[in-house]
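**Student:** model this:
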Amino acid sequence: MQAYTVASQGVESEWAPIRIKVSAKDMDDPSRHCTAVGEVSMPDGSKVKCEGKDLLTEAKKDIVLKQLLPAAIKLHAERLSVRPVKGPIRMPYTDIGECSSFTIPSWHHTIGVSGADLILYVNALPANGTVAWASLCVTLEDGRPYAGAVNFDPQYIGATDQNVSTAAHEIGHVLGFSFNHFSRFNMLSKVSNVRGKENVWVVSSPKVKAATWQHYNCPTLEGMELEDGGGEGAKLNHWKERNARGELMSPGEPYMYYSALTLAAFEDMGVYKVNDGMADPLRWGKNYGCGLLENKCIVNGRTDYSDMYCLVVKKGQQGQLCTHDRLSLGICGLMDHLRPFPPEYQYFDYDPTSGGDSELMDYCPYVTGLEASGCINGNPDTFPGSFIGPRSRCVRGRMLEFDRQVISDVCVNTQCSEGKLRVQFLGNDTWHDCNEGTTAAPSGGKWSGGSIRCPRYADVCTDLPSFLARPTPVVAPTTGGGAKPCRHCGRGRRLNQHES
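**Tutor:** The predicted structure follows:
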């Protein structure tokens, strides 16, 4: 099914921040979502099996409508401008893709919606383990999206930064971030023989190519690679996870960084003007050169990118390592698989079955953040010896011992000023100068040995991504409980795209 195009609609000549409105009639109608355990018949005749975890409480509805969506919409409105439409636009009755499964108020068809550049029809139905999904339904004549649908699975709804970024990610798809939309605007090329693969798709439009060159420090790239793994929703509709982990429009959580790469993709469509000054500083792959994208992540059991990929798995506290962005502690995802990998995914000559756990990462092993292990707002009981606070960052440890436990890497408090880094350990008021390549040792309190390796200034003294730098807005409490945060619920996410 193709996205419907609204015809004969003029636009203003001046650019203005995009206005996104939400219509959530289905969340107000008990017959359109799960309110009790059992099988529910939807108005379109479909059946939905509702379990306790699938119930949409008033609290969860408030979280979606008063916290997640407003914060996510603000992130896009701060970065994207459009030429506003003149007057109201009426939603067509037919050929509207996934939006036909959502309640569209009758006046949207007749009177039309004024003061909006994009309408989101929103519901919260169970989605078989998918945190959220989105669909583009209607475009204007110039190809700019005008209406789309977003669904949140109730079991994952919670007032967390990660859920704000998930909402922003899904809205990004409604705004046109998809293979079909890139194709419509002639933004794609196919490149052969990349890391042993026959071919891959890249976004090769001018601004994306320039942003890719600048980010990776590689002027020979044909463009920014699209994901070639995962299910139907992930494949080709996202940046390649292996190359841009953590970017807003990569397929795997966490979606942290609304970077210059995604802004460039929106600008090259020609229907958006972007605010480059609001780009988040993506750290994954920054200035790593052409080899990162052209060669395997690990060759013969060795890697040139030790802060991105990991080679050893240890148990307990000794196995907790810094994630690449230095914002959390995690564990190495290296594991033995039942069958040998294809040659392009074999990284250890002595063991063709050894690799990471994610197809999206081309099975490159990397450090995955643990639940409640963030240096900024984690649970200190989860990782002993770590300092929790807004300026806390993860650093490499050597033979550290805290409260009679041997630990590996650790979160420390940081002070950054004029290119000089100072660190503070948990339970100690002393600030230590920490120049790259030197070490600093904790003392006193529960510390009984070891040291940290001082990182590069740029590794820990960079701006936070927008989702962490600005707190999720608070909503007035209502009856009912919210869902617990889930860092890794995004695997197997679904994206239904109906675009011309």
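
**Student:** Pull the number of nearby residues for Lys314.
**Tutor:** 12 (other CB atoms under 10 Å). Every residue, glycine included, has its C-beta placed from N, CA and C.

**Student:** per-residue pLDDT, the nearest residue to Ile157 once chain neighbours are set aside?
**Tutor:** With CB to CB, 6 or more residues apart in numbering as the criterion, Ile157 has its nearest non-adjacent residue at 4.3 Å, and that residue is Lys60. At Lys60, the model reports a pLDDT of 98.

**Student:** Can you verify Lys60 is assigned to a strand?
**Tutor:** No: according to DSSP: H, G, I helix; E, B strand; the rest coil, Lys60 belongs to no strand; its state is helix.

**Student:** Against Thr160, how distant is it?
**Tutor:** Distance of Lys60 to Thr160, given as CB to CB, to the nearest Å: 13 Å.

**Student:** for Arg453, same thing?
**Tutor:** 32 Å.

**Student:** what about these two, which has more around it?
**Tutor:** Thr160 (22 against 15).

**Student:** Could you check the pLDDT of that one?
**Tutor:** pLDDT, read off for Thr160, is 89.

**Student:** show me where the stretch 201-350 of the chain has strands.
**Tutor:** Ranges of strands within the stretch 201-350 of the chain are 224-225, 273-274, 321-322, 328-332, 335-336, based on DSSP state E, counting those that start in this stretch.

**Student:** What residues sit buried inside stretch 62-81?
**Tutor:** Neighbour counts over stretch 62-81 (16 or more other CB atoms under 10 Å) mark 62-77, 79-81 as buried.

**Student:** Next step: those restricted to helices.
**Tutor:** Using DSSP state H to define helices, the subset of the buried residues of stretch 62-81 located there is Asp62, Leu69, Pro70, Ala71, Ala72, Ile73, Lys74, Leu75, His76, Ala77.

**Student:** For the fourth one, which non-adjacent residue is closest in space?
**Tutor:** Using CB to CB, 6+ apart and skipping the chain neighbours, the partner closest in space to Ala71 is Val164 (4.6 Å).

**Student:** ok but the one you found is inside a helix, no?
**Tutor:** Yes: under three-state DSSP, Val164 falls within a helix.

**Student:** Could you report the neighbour count for it?
**Tutor:** 26.

**Student:** Quick one: classify the most far-flung residue of the chain relative to its centre as helix, strand or coil.
**Tutor:** In terms of distance from the mean C-alpha position of the chain, Gly444 ranks first, at 39.7 Å (CA atoms, centre = their mean). Secondary structure state of Gly444, per three-state DSSP, is coil.

**Student:** now do the one 4 residues further on
**Tutor:** Recorded secondary structure, Ser448: strand (three-state DSSP).

**Student:** Could you give the bridge partners of the nearest residue to it once chain neighbours are set aside?
**Tutor:** With sequence-adjacent residues excluded and distances taken as CB to CB, 6+ apart, Ser448 is closest to Glu401, at 4.7 Å. For Glu401, the beta-bridge partners are Val406, Gly449 (DSSP bridges).

**Student:** Quick check, the residue farthest from the centre of the chain in contact with Asn428.
**Tutor:** Yes: counting by CB atoms under 8 Å, Gly444 touches Asn428, with 5.4 Å between them.

**Student:** Quick check: which ranges of the stretch 401-500 of the chain have low pLDDT?
**Tutor:** Flagging of the stretch 401-500 of the chain using pLDDT under 70 yields the residue ranges 467, 469-500.

**Student:** Recalculate using a threshold of 80.
**Tutor:** 464, 466-500 (pLDDT under 80).

**Student:** Equivalent analysis for the chain, please.
**Tutor:** In the chain (pLDDT under 80), the answer is 1-13, 41-45, 254-255, 313-318, 372, 464, 466-500.

**Student:** Could you chop it up by domain?
**Tutor:** When the chain is parsed with automatic domain parsing, its domains come out as 4-176, 182-290, 296-462.

**Student:** okay, those in CSV with distance to Leu468 next?
**Tutor:** Formatted as CSV, those follow (distance: least, CB to CB, whole Å):
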stretch, distance to Leu468
domain 4-176, 6
domain 182-290, 7
domain 296-462, 6
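
**Student:** Show me the strands in the stretch 351-500 of the chain, by range?
**Tutor:** With DSSP E, counting those that start in this stretch as the criterion, the stretch 351-500 of the chain has strands at 354-355, 367-374, 392-402, 405-407, 410-417, 420-424, 432-433, 439-440, 447-453.

**Student:** got the angle for the second one vs strand 392-402?
**Tutor:** For strand 367-374 against strand 392-402, the angle by axes from the mean of the first three to the mean of the last three CA atoms, to 10 degrees is 90 degrees.

**Student:** Can you point out the buried residues in strand 367-374?
**Tutor:** Val367, Thr368, Gly369, Leu370, Ser373, Gly374.

**Student:** circling back to that earlier point, can I assume the residue nearest to Ser448 is in contact with Ser443?
**Tutor:** No: the criterion here is CB under 8 Å, and Glu401 misses it with Ser443 at 11.5 Å.

**Student:** Which of the two has more residues huddled nearby?
**Tutor:** Glu401 (17 against 12).

**Student:** contacting residues around Ile111?
**Tutor:** By CB atoms under 8 Å, 6 or more residues apart in numbering, Ile111 lies in contact with Pro88, Arg90.

**Student:** go again using 7 Å as the cut-off
**Tutor:** Pro88 (CB atoms under 7 Å, 6 or more residues apart in numbering).

**Student:** roughly how far apart are it and Gly231?
**Tutor:** Look at Ile111 and Gly231: by CB to CB, they are 39 Å apart.

**Student:** tell me how far the ends of stretch 184-198 are from each other?
**Tutor:** One end of stretch 184-198 sits 24 Å from the other (CA to CA, to the nearest Å).

**Student:** So which bits of that stretch are buried?
**Tutor:** By neighbour count on 16+ other CB under 10 Å, the buried set for stretch 184-198 is Arg184, Phe185, Met187, Leu188, Val194.

**Student:** Can you tell me which of the residues you listed is closest to Ser13?
**Tutor:** Phe185 (21.0 Å; CB to CB).

**Student:** quick one, what contacts the residue nearest to that closest one when sequence neighbours are not counted?
**Tutor:** Leaving aside its sequence neighbours, Phe185 sits nearest to Met269 (CB to CB, 6+ apart; 5.0 Å). Under the criterion of CB under 7 Å, 6+ apart, the neighbours of Met269 are Gly143, Gly176, Phe185.

**Student:** Could you rerun that using 10 Å?
**Tutor:** 142-145, 175-177, 181-182, 184-185, 187, 205 (CB atoms under 10 Å, 6 or more residues apart in numbering).

**Student:** who does the residue nearest to Gly319 when sequence neighbours are not counted bridge with?
**Tutor:** Leaving aside its chain neighbours, Gly319 sits nearest to Ile331 (5.4 Å; criterion: CB to CB, 6+ apart). Beta-bridge pairing for Ile331 (DSSP bridges): Thr368.

**Student:** For Ile331, give me its contacts.
**Tutor:** Counted by CB under 10 Å, 6+ apart, Ile331 has contacts 310, 313-315, 319-321, 323, 367-370, 373.

**Student:** Distance to Tyr345 for these - can I get that in CSV?
**Tutor:** What follows is the contacts of Ile331, written out as CSV (distance: CB to CB, whole Å):
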residue, distance to Tyr345
Cys310, 16
Val313, 18
Lys314, 24
Lys315, 26
Gly319, 24
Gln320, 26
Leu321, 22
Thr323, 22
Val367, 19
Thr368, 18
Gly369, 23
Leu370, 25
Ser373, 28
